[in-house]
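**Student:** Here is the input, now give the coordinates:
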Amino acid sequence: MQTVIQLATICLQVSSVYILFSLGLTLVYGVMGIVNFAHGQIFALSALIVAVTIPPLASAGFSVLTAYTLASLLGFVVAVTAGILVYIFFLRFFWSDHNGSFILTIGIVLFTDGVLLALFGGNVRQVPDVFNGDAISVFGARVASQRLIPCAVAIVATLVLYLALARTKLGLALRAVAADHEAAMLQGIPYARIAFLGFVIATALAAIAGAVIAPLAAVSPNLGADYIIRGFIAVILGGLGSVSGAILGSIFIAVIETVGGFYFDASSANILIFVLVILVLLLRPRGLLGHA
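**Tutor:** Prediction:
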């Protein structure tokens with residue numbers, strides 16, 4: 001029972017980060033028709049700023065929790081600002097241009113890899129334990145309090161996004177643009193502004209994901225590359241452009257990665273993930289919830 005609880009906790013933590021990450025990917029694709037490979041760089045930038053900022057704040061007398069909160073806010077602001085600049089100077093010229101946006105975002109990844117390496121170095125950084133090793137007991141199993149942060153943040157962010165898409169004018173506009181942007185424009189929806197706001201929301205989700213994973217991961221400039229592949233697999237499994245599909249795909253990936261890695265090894269888990277992708281694409285080419 002303790003092993004099951006531990007595995008379930010790790011699955012929740014891993015899937016929470018994947019959900020935050022993949023929701024941004026699917027939102028950008030749904031609204032703009034762009035496969036944004038640079039999404040992982042925003043994620044990595046946020047995590048790096050958190051990792052770099054906490055030590056000086058802790059040395060200045062702040063508690064680790066306070067330092068982490070302030071560093072996360074700074075990482076969020078810087079990462080979102082960087083994403084906005086990328087949109088303004090590059091991506092807004094490539095709406096629904098799959099080939100052009102693909103080449104552009106790959107170029108942005110290569111460029112920002114060098115920038116992040118020059119700014120932060122290639123060393124792996126570890127964030128101190130935010131809750132000083134505190135843990136809670138669940139049916140006799142000890143669960144680190146720190147692992148609950150991504151779960152709580154993912155639940156709140158997903159609920160906010162769902163309610164926004166379902167009950168606000170912006171959400172309805174985003175859904176209309178995702179369904180048919182030309183028809184939405186004919187109804188008076190300002191596509192340029194809605195696309196920009198959708199991209200900002202997606203960037204914010206990546207920045208949040210980077211901040212919450214920083215205390216649980218080995219943070220380096222390559223962190224985004226590790227997650228962008230898993231994020232796209234989750235989106236493909238669920239269905240490009242489907243919010244609920246991104247959530248379902250993220251959970252599938254997290255369960256296979258965690259359970260397969262525990263009972264077999266990481267390589268076997270990776271093979272299982274790709275086998276699952278092949279089977280889903282053969283049976284449902286648009287993904288599990290491609291029409292959602």
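**Student:** OK, contacts around residue 281?
**Tutor:** With contact set as C-beta atoms under 8 Å, 6 or more residues apart in numbering, residue 281 has these partners: residue 236. From N, CA and C alone the C-beta is placed, and that goes for glycine too.
**Student:** Any buried residues in the host helix or strand of it, and which?
**Tutor:** When secondary structure is defined by DSSP states H and E, residue 281 falls within helix 266-283. For helix 266-283, burial by neighbour count (16 or more other C-beta atoms under 10 Å) applies to 269, 270, 272, 273, 276, 277, 280.
**Student:** Next, the contact list for the second one, please.
**Tutor:** If you count contacts by C-beta under 8 Å, 6+ apart, residue 270 has them with residue 257.
**Student:** could you give me the average pLDDT of the helix holding residue 281?
**Tutor:** When pLDDT is averaged over helix 266-283, the result is 85.
**Student:** for it, the distance to its chain's centre please.
**Tutor:** Relative to its chain's centre, helix 266-283 lies at 21 Å (C-alpha atoms, centre = their mean, to the nearest Å).
**Student:** ditto for stretch 14-26
**Tutor:** 4 Å.
**Student:** Show me which positions of that stretch end up buried.
**Tutor:** So, applying 16+ other C-beta under 10 Å, buried residues of stretch 14-26: 14-26.
**Student:** Return the subset of the residues you listed lying in helices.
**Tutor:** 14-26 (DSSP state H).
**Student:** where in the stretch 51-200 of the chain is pLDDT low?
**Tutor:** Filtered on pLDDT under 70, the stretch 51-200 of the chain yields the residue ranges 96, 132-135, 137-143, 145.
**Student:** got the residue ranges for the strands in it?
**Tutor:** 135-138, 141-144 (DSSP state E, counting those that start in this stretch).
**Student:** how about the helices in the stretch 151-292 of the chain?
**Tutor:** 169-179, 181-186, 191-213, 223-238, 243-263, 266-283 (DSSP state H, counting those that start in this stretch).
**Student:** closest one to residue 84 among these?
**Tutor:** helix 191-213 (6.4 Å; C-beta to C-beta).
**Student:** Check which helices and strands the closest one is in contact with.
**Tutor:** helix 2-32, helix 39-59, helix 64-89, helix 148-167, helix 169-179, helix 181-186, helix 223-238 (3 or more C-beta pairs under 8 Å, 6 or more residues apart in numbering; DSSP states H and E).
**Student:** how much does that helix deviate in direction from helix 169-179?
**Tutor:** With axes from the mean of the first three to the mean of the last three C-alpha atoms, to 10 degrees applied, the angle from helix 191-213 to helix 169-179 works out at 100 degrees.
**Student:** So which bits of helix 191-213 are buried?
**Tutor:** 191, 194-196, 198-199, 201-213.
**Student:** so residue 51 makes contact with residue 219?
**Tutor:** Yes - using C-beta atoms under 8 Å, residue 51 is in contact with residue 219, at 4.2 Å.
**Student:** quick revisit: and the angle for the helix holding residue 281 with helix 223-238?
**Tutor:** 40 degrees.
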